[in-house]
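Trainee: predicted coordinates and the sequence they were generated for:
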Amino acid sequence: MPVTANASLFVIAAPSGAGKTTLVKKLVEENPSLTFSISYTTRKQRSTEEHGRDYFFVDKEAFNSLKEQSELLESAIVFENHYGTSRSQVEEHIAKGNHVLLEIDWQGAQQVRASVPGCVTIFILPPSRPELERRLRGRKTDSDEVIERRLRDALGDMSHWHEFDHVIINDDLDQAVDDLQAIIEGDGQNSQVNNTALAVRVKNILV
């Protein structure tokens, strides 16, 4: 799907460890007019996270209630935790004419594509498998068992790259932010999935 300058909903997904959260936060910091949609999650809150800033942390009962009320634009289970996007929050921002960024996983991206066909979907990849593992271990927040599971799941997630409109390889943070910015501005030809040179780089990462 070609990107247009007036596109208002941007869906960004990535495997764990690709640097998606850091990339999105930097993009939003440099573009105050962009709105970062905050997801609901049942995951345990980390010491560096803030409720209402990073996520809305809720229990499973509250999450299921939101789902039953059709308040979630999309939802998914990742590492046994529930994640979901507030439909009303997204609709409110779009109604005000603001570009909205959704930071979700590939499962959620599929659901949003079905609900909002005009959205622009972007997949973030690490530069290599070894770098992905280095980043996951560098967090020092998970056990070896959890890291191994995240690595296995990440490889499965990465196989869905071709379902997205754009792919960004997060090797250099500043360059990746520039690539994201180009997409937001409607000038992201170099990151389109049908770009032959990009497709070759992606396949080398997945080997």
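Mentor: Perfect, thanks for sending it. No experiment lies behind these values; they were computed from the predicted model shown.
Trainee: can we go C-alpha only for contacts and neighbour counts from here?
Mentor: Fine.
Trainee: now stretch 161-175: average pLDDT?
Mentor: Averaged across stretch 161-175, the pLDDT comes to 94.
Trainee: how long is it end to end?
Mentor: End-to-end distance for stretch 161-175: 19 Å, by CA to CA, to the nearest Å.
Trainee: give me the contacts around that stretch.
Mentor: For stretch 161-175, contacts defined as CA atoms under 8 Å, 6 or more residues apart in numbering pick out 1-2, 18-19, 23, 120-127, 176, 179-180, 188, 191-193, 198, 202.
Trainee: just the ones of these in strands?
Mentor: Among the contacts of stretch 161-175, the members falling in strands are 120-125 (criterion: DSSP state E).
Trainee: show me the shaky parts of the protein.
Mentor: The model of the chain has pLDDT under 70 over residues 1-7, 139.
Trainee: now the helices for it?
Mentor: 20-30, 60-68, 87-95, 106-115, 129-139, 144-158, 173-184, 196-206 (DSSP state H).
Trainee: can I get those helices in a markdown table with mean neighbour count?
Mentor: Shown next, in a markdown table, are the helices of the chain (neighbours: other CA atoms under 10 Å):
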| stretch | mean neighbour count |
| --- | --- |
| helix 20-30 | 15 |
| helix 60-68 | 14 |
| helix 87-95 | 15 |
| helix 106-115 | 18 |
| helix 129-139 | 15 |
| helix 144-158 | 15 |
| helix 173-184 | 18 |
| helix 196-206 | 14 |
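Trainee: of all these, which lies closest to Ser47?
Mentor: Closest to Ser47 of these is helix 129-139 (CA to CA; 12.7 Å).
Trainee: CA atoms only for the closest one, dumped as CSV, please.
Mentor: Provided in CSV are the C-alpha atoms of helix 129-139 (Å, rounded to 0.1, in the frame of the first residue of the first chain):
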residue,chain,number,x,y,z
ARG,A,129,20.4,-12.7,15.0
PRO,A,130,23.6,-12.3,17.1
GLU,A,131,22.8,-8.6,17.7
LEU,A,132,19.2,-9.5,18.7
GLU,A,133,20.5,-12.0,21.3
ARG,A,134,23.0,-9.4,22.6
ARG,A,135,20.3,-6.8,23.1
LEU,A,136,18.0,-9.3,24.9
ARG,A,137,20.8,-10.4,27.3
GLY,A,138,21.9,-6.8,27.7
ARG,A,139,18.6,-5.9,29.4
